[in-house]
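Novice: here are the coordinates; sequence isn't available:
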């Protein structure tokens, strides 16, 4: 059984065990004119992101899709639009075995999987990741996850990746929160961090909340000139 098949079976096996779910949609705009795969040939780009997270009796699932529209076109791929998505299911070792895997700041351990796909700009790019994940108790954060993956991907050498995802508690008692992720490999660093200010609830979306803020997008490849260091303005609605 390959990794992709296993990930699909894991997600489907939890379809009737939903315990908690949250979804958000984001709009971001920024100028990507450094030297990386994210760049446009002229001007900036808009990105519409749909994110979803849900927990199950025996694990959780995170997924997102980015639909990007360049003001002119992308520097790599010679097209104006791009679609990229990731699906990341995890299986709790504690909940499936009935054992307590907590220690120190570690609350639980997981079998972690991920499938990445680029649809337009590099239409044959895909990556399969599998490894061990954890939920951590970190001061100042409501959520802090750390996953170590073995990565099999197109165009690049297979490697290991350490991924952190986090959502802070309100900063200094205000409506500001930090929401983001950071991925490390031996050659690459990708970090996207959002500083968001919470607004009033959006009545026409039911139990939801709107945010405005900024995202810092940083991508660097070791021993090369590849660099993306960009600030984007953004809006987010979460329900």
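Specialist: Arrived safely, thanks for sending. Just so we're clear, the structure is a prediction, and the values are computed from it rather than from any experiment.
Novice: Do a quick rundown of the strands in the chain.
Specialist: With strands called from DSSP state E, the chain shows them at 18-31, 44-56, 59-70, 81-92, 106-118, 126-136, 141-153, 159-168, 176-184, 188-201, 209-221, 227-238.
Novice: Just the angle for the fifth one relative to strand 159-168, thanks.
Specialist: The directions of strand 106-118 and strand 159-168 differ by 110 degrees, with axes from the mean of the first three to the mean of the last three Cα atoms, to 10 degrees as the criterion.
Novice: do the same with the last one
Specialist: Between the direction of strand 227-238 and that of strand 159-168, the angle (the same axes, to 10 degrees) works out to 40 degrees.
Novice: Show me what strand 227-238 is packed against.
Specialist: Judged by 3 or more Cβ pairs under 8 Å, 6 or more residues apart in numbering; DSSP states H and E, strand 227-238 is in contact with strand 18-31, strand 188-201, strand 209-221. For glycine as for every other residue, the C-beta is placed from the backbone atoms N, C-alpha and C.
Novice: so what's residue 65 closest to, chain neighbours aside?
Specialist: Residue nearest to residue 65 in three dimensions, not counting chain neighbours: residue 85, with 4.0 Å by Cβ to Cβ, 6 or more residues apart in numbering.
Novice: and the gap between the one you found and residue 119?
Specialist: Per Cβ to Cβ, to the nearest Å, residue 85 is found 8 Å from residue 119.
Novice: ok, now residue 235?
Specialist: Distance, residue 235 to residue 119, using Cβ to Cβ: 24 Å.
Novice: which residues does the closest residue to residue 168 other than its chain neighbours bridge with?
Specialist: Spatial nearest neighbour of residue 168, chain neighbours left out: residue 178 (4.1 Å); criterion: Cβ to Cβ, 6+ apart. Beta-bridge pairing of residue 178 under DSSP bridges involves residue 195.
Novice: pLDDT score assigned to residue 178?
Specialist: Note on residue 178: pLDDT of 97.
Novice: Next: residue 43.
Specialist: The model's pLDDT for residue 43 equals 80.
Novice: Now do it: how many residues are near it, please.
Specialist: By other Cβ atoms under 10 Å, 12 other residues sit near residue 43.
Novice: Surely residue 72 and residue 45 touch.
Specialist: No - taking contacts as Cβ atoms under 8 Å, residue 72 lies outside contact range of residue 45: 9.1 Å.
Novice: more neighbours, these two?
Specialist: A count of neighbours by other Cβ under 10 Å puts residue 45 above the other of residue 72 and residue 45, at 24 against 12.
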